[in-house]
Structure formats: C-alpha cells, structure tokens
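Undergrad: Build the 3D model from these lines:
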Amino acid sequence: MKLLGELIRDEEGAVAVEYALLGMLIAVAISVAAYTLGSDLCAVFNGIGAGFGGSGSYAPLACQ
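TA: Numbers count the residues shown, from 1 in each chain. Prediction:
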C-alpha cells in the first residue's frame, strides 16, 4: 500500500507527458509550415519556368 501511495505522488511521469505533448505541438507546427511553404515555392518555381517559355510544370510531383 505504501508503494502505491508513492507512485501516486510521483510527478516524474507527468513531466515526460508534458514534454511529449510539447514535442507533438512543435512537430505539427513544423508540418503545417512546411506544407504551406512547399505549396508557395512550387507555384513560384512554376511561374519562373513559364517565364522562360516552358510549360510551367517542372515539379517532379504536381503542385497540390
């Protein structure tokens, strides 16, 4: 019973969970930023390609 009481008062696991949630939040923010920036860059480079007389579609994968 004493061991159970010590486990309940122990807060080391709570700190690990907080760091995990913070890490997930940062990962989501990076993913959203990369997706947004990637779409913008794809459009910019396709515009540059079209300016040189190309078809304007030089990306290995089509812009979404």
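Undergrad: low-confidence ranges in the protein?
TA: 1, 4, 7-8, 10-12, 54-64 (pLDDT under 70).
Undergrad: which residues in it form strands?
TA: Counting by DSSP state E, the chain has no strands to list.
Undergrad: At which residues are the helices of it located?
TA: 2-9, 12-51 (DSSP state H).
Undergrad: With mean neighbour count added, can I get those helices in a markdown table?
TA: No exception for glycine: its C-beta is placed from N, CA and C like everyone else's. A markdown table is the format used below for these (neighbours: other C-beta atoms under 10 Å):
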| stretch | mean neighbour count |
| --- | --- |
| helix 2-9 | 8 |
| helix 12-51 | 11 |
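Undergrad: what about Leu22, distance to Ala16?
TA: 11 Å (C-beta to C-beta, to the nearest Å).
Undergrad: With Val32 instead?
TA: Per C-beta to C-beta, Val32 is found 25 Å from Ala16.
Undergrad: what's the answer for Leu41, then?
TA: To Ala16, Leu41 is 37 Å away according to C-beta to C-beta.
Undergrad: can you check Glu6 too?
TA: From Glu6 to Ala16 the distance is 17 Å (C-beta to C-beta).
Undergrad: Ok, Ile48 next?
TA: 47 Å.
Undergrad: What of Ser31?
TA: From Ser31 to Ala16 the distance is 22 Å (C-beta to C-beta).
Undergrad: now do Gly53
TA: Applying C-beta to C-beta, the value for Gly53 to Ala16 is 57 Å.
Undergrad: Kindly report the same for Ser39.
TA: Noted for Ser39: a distance of 35 Å to Ala16, by C-beta to C-beta.
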